[in-house]
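Undergrad: all I have is the shape, not the residue letters:
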């Protein structure tokens, strides 16, 4: 059955009419009536009635976006050229005066009775746009979010000056309509969609029908939610990046169109293959146009539409698609063993793909900008050479594409390999977080120096912005505060100067001793650009303790950062804690630093235990194992301070459901994602977390099984000369069976907040020093 022709594909005139209609919506009409209303509303949500004493004035746009704040006569006045700039300016003034701090883990507000005389001067961003979020965030963090949580996140964006967020919620509502129009039954569509925690990879063509179902109730809730999200973003005059058709079609669609050029893409181990429609096939342009028409009719038109045709997937180069492949793993280049295509054929095919995708977008909406993530160019450098990138982009008009160059902290200078993307507009940025795992790391000095070098370069061509593109949120807030300050030229003269302002705003006050301790913590943990243990020997997991057990851990080369300085910084923070005992954000930061130190120590204990058992020293192995268990259980208790944990993740998933069946499916999704992830490959523990509940109930039991097997093998050979015969592969199968059983069980988990986290942190440090 043919796809419904895109009769409602919008012409440029129709697009302008639709934009005018959208401008007549209540939210946008209100903004036209009072252009500071949206900014004032955001500030009141953030800071309460004190925000009513902040005067706002929308200035003249043109040139770099800017804000300026003045304190006169006890009142704060902020001027800026956009609603986002006004919110950013007010927040920056409050924060730098030590009166406010806005982060994922809480907001600290202490507005002055009367505003002192002051002036920020004009603060102009060197970037036209400040982008935010990653396609994966919508699986690792937001699948159970409702409007209240999204409202807070959009306010966070405005406070940090973000004006170009990804807006990926609610798209299954449109996909469902599209595939119904294309003749697919509800059963066929249900077999295509993946579960709520895995929708990002479904959308990017990496998997199909995984951890289904995706209930209609979830789709409908996200539809209503996206309507509100886009209303708020547009009210603030943000430029959200919206979804688009990138070529991936359901298997049922492929079967109904046997003459279409549809390639069966190579599946990751344990996953179903996916199907990609060649952009040169007429169906491709029809589906691009129809999806965009349906989307715009549902949510209103936008400008930027994200379509990633080759995210961790190899483009088919042979005419019959026989070389179609994928690299769905950790996102790193796998240097796949395959014969290289003829360079001329490769260049021609890539140029054809790029041209056809752009033409499909242009046909659908001449003013729509195809947007793509540039992750693939760094992740598979063997395939995506400078010549390959140039060919892919060569037939696309400069104004027709926006590249999100997201991975420069993992793959530095990708933009140089790509020759600044041939003059196409591009956003420079960092991923920082992978899988919403939460080791304590980042590199504040790297961000400062890197962006300084970027600004000084003469080769950036059409650089259009900066962004942070984390796969998951709710970790390392200092990293995002620092990065978005740099995006506004507000990083401070020195790191020490910036840190002192950060501490005063986040904790309400600071001291020279606290500033020194934070400086030491930055030197110890926040001088790490990429957390290398998260992918070690083809095994995922933030720490060794988080990984599926193996005796190979004895070869681990060590954690990034300076452990001696980390221990000293945590000790100093714990000593200072009584003076900040009424500041929840200080307590959380102390606990985060302590559990990071403790988690590294668990790794060392596990390594020592394996080494001892392998040399048949049962006494030493038993001692180290008991020490590791003690630390794991202490940390599990201490981490109850965190607002997020296994219990809250599961509770949020269950609460999103409308019936028992959906609740069970959502909980299974939630538990699967943060543990085994899926497939038969190396994704287990990719989304590992230092969370209360996981340390005691998931990570430790796995290691307990492992060490029981290892110890039994050693004990049976004590006194013999032929060495220990340890069947690790069989034991790994036992552990995998236990993992599946754990996911299937409906055990209750409850967040338990420690009564005295400061005392517990101090006791933990004492324990570490005795080891």
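TA: Structure's in. What do you need? If you're wondering where the values come from, they're calculated on a predicted model, not measured in any experiment. Numbering: from 1, shown residues only.
Undergrad: go ahead and confirm residue 83 touches residue 237.
TA: Yes - because the distance of 5.2 Å satisfies Cβ atoms under 8 Å, residue 83 is recorded as touching residue 237. For glycine as for every other residue, the C-beta is placed from the backbone atoms N, C-alpha and C.
Undergrad: between these two, which one's more packed in?
TA: residue 83 (25 against 18; other Cβ atoms under 10 Å).
Undergrad: separation between that one and residue 127?
TA: Distance, residue 83 to residue 127, by Cβ to Cβ, to the nearest Å: 17 Å.
Undergrad: looking at the protein, which helix is longest?
TA: The single longest helix within the chain, with elements called by DSSP state H, is helix 584-614.
Undergrad: after that one, which helix or strand is next? Please name it.
TA: helix 618-638 (DSSP states H and E).
Undergrad: helix or strand: which one has the residue nearest in space to the middle of the chain?
TA: Nearest to the geometric centre of the chain sits residue 471, at 1.6 Å (Cα atoms, centre = their mean). Counting by DSSP H and E, no helix or strand carries residue 471.
Undergrad: roughly how far apart are the residue nearest to it when sequence neighbours are not counted and residue 755?
TA: Excluding the flanking residues, the one nearest residue 471 by Cβ to Cβ, 6 or more residues apart in numbering is residue 136, at 4.0 Å. Distance, residue 136 to residue 755, by Cβ to Cβ: 36 Å.
Undergrad: of these two, who's got more company?
TA: For residue 136 versus residue 755, neighbours defined as other Cβ under 10 Å are more numerous around residue 136 (24 against 8).
Undergrad: was I right about that one contacting residue 437?
TA: No - Residue 136 is beyond contact range of residue 437, at 11.9 Å (criterion: Cβ under 8 Å).
Undergrad: find residues that contact each of those two.
TA: Residues touching both residue 136 and residue 437 (Cβ atoms under 8 Å, 6 or more residues apart in numbering) are residue 472.
Undergrad: so where's this protein shaky on pLDDT?
TA: Scanning the chain for pLDDT under 70 picks out 1-33, 319-322, 325-339, 492-494, 718-724.
Undergrad: swap in 90 and give it another go.
TA: Within the chain, the ranges that satisfy pLDDT under 90 run 1-35, 60-63, 73-74, 110-117, 266-272, 318-341, 490-496, 679-682, 716-726, 770-771.
Undergrad: next up, the contacts around residue 725.
TA: 713, 717 are the contacts of residue 725 under Cβ under 8 Å, 6+ apart.
Undergrad: equivalent analysis for residue 288, please.
TA: 244, 245, 307, 357, 360, 361, 363, 364.
Undergrad: excluding its backbone neighbours, what's nearest it?
TA: residue 360 (4.0 Å).
Undergrad: test my guess that the one you found contacts residue 279.
TA: Yes - in this structure, residue 360 is within contact of residue 279 by Cβ under 8 Å, at 6.4 Å.
Undergrad: overlap in contacts of the two?
TA: residue 285.
Undergrad: between the contacts of residue 288, which sits nearest residue 560?
TA: Using Cβ to Cβ, residue 307 comes nearest to residue 560 of the contacts of residue 288, at 35.1 Å.
Undergrad: do I have it right that the closest one meets residue 369?
TA: No - applying Cβ under 8 Å as the test, residue 307 and residue 369 come out as separate, 10.7 Å apart.
Undergrad: mutual contacts of the two, please.
TA: residue 361.
Undergrad: gap between the nearest residue to residue 38 once chain neighbours are set aside and residue 228?
TA: Leaving aside its chain neighbours, residue 38 sits nearest to residue 235 (4.2 Å; criterion: Cβ to Cβ, 6+ apart). Look at residue 235 and residue 228: by Cβ to Cβ, they are 10 Å apart.
Undergrad: so for those two, which sits in the more crowded spot?
TA: residue 235 (21 against 17).
Undergrad: the more buried one and residue 96, how far apart?
TA: In terms of Cβ to Cβ, residue 235 sits 26 Å off from residue 96.
Undergrad: now do residue 506
TA: The gap separating residue 506 from residue 96 is 12 Å, by Cβ to Cβ.
Undergrad: give me the more crowded residue out of those two.
TA: Counted by other Cβ under 10 Å, residue 506 and residue 96 do not tie: residue 506 has more neighbours, with 26 against 20.
Undergrad: what segments of the stretch 101-250 of the chain are strands?
TA: 106-109, 118-119, 123-124, 129-132, 164-165, 241-243, 248-249 (DSSP state E, counting those that start in this stretch).
Undergrad: is it possible to get CSV of those strands that adds distance to residue 388 and mean neighbour count?
TA: CSV is the format used below for these (distance: least, Cβ to Cβ, whole Å; neighbours: other Cβ atoms under 10 Å):
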stretch, distance to residue 388, mean neighbour count
strand 106-109, 46, 17
strand 118-119, 51, 12
strand 123-124, 37, 18
strand 129-132, 25, 26
strand 164-165, 27, 25
strand 241-243, 25, 25
strand 248-249, 21, 25
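Undergrad: which one of those lies closest to residue 585?
TA: Here strand 106-109 is closest among the strands of the stretch 101-250 of the chain (Cβ to Cβ), at 5.4 Å.
Undergrad: for that closest one, give me every contacting residue.
TA: Contacts of strand 106-109 (Cβ under 8 Å, 6+ apart): 46-48, 50, 94, 99-101, 505-508, 583-585, 588, 643.
Undergrad: go again using 10 Å as the cut-off
TA: Residues outside strand 106-109 that contact it (Cβ atoms under 10 Å, 6 or more residues apart in numbering) are 45-48, 50-51, 94-95, 98-102, 152, 155-156, 159, 477, 505-508, 583-586, 588, 643.
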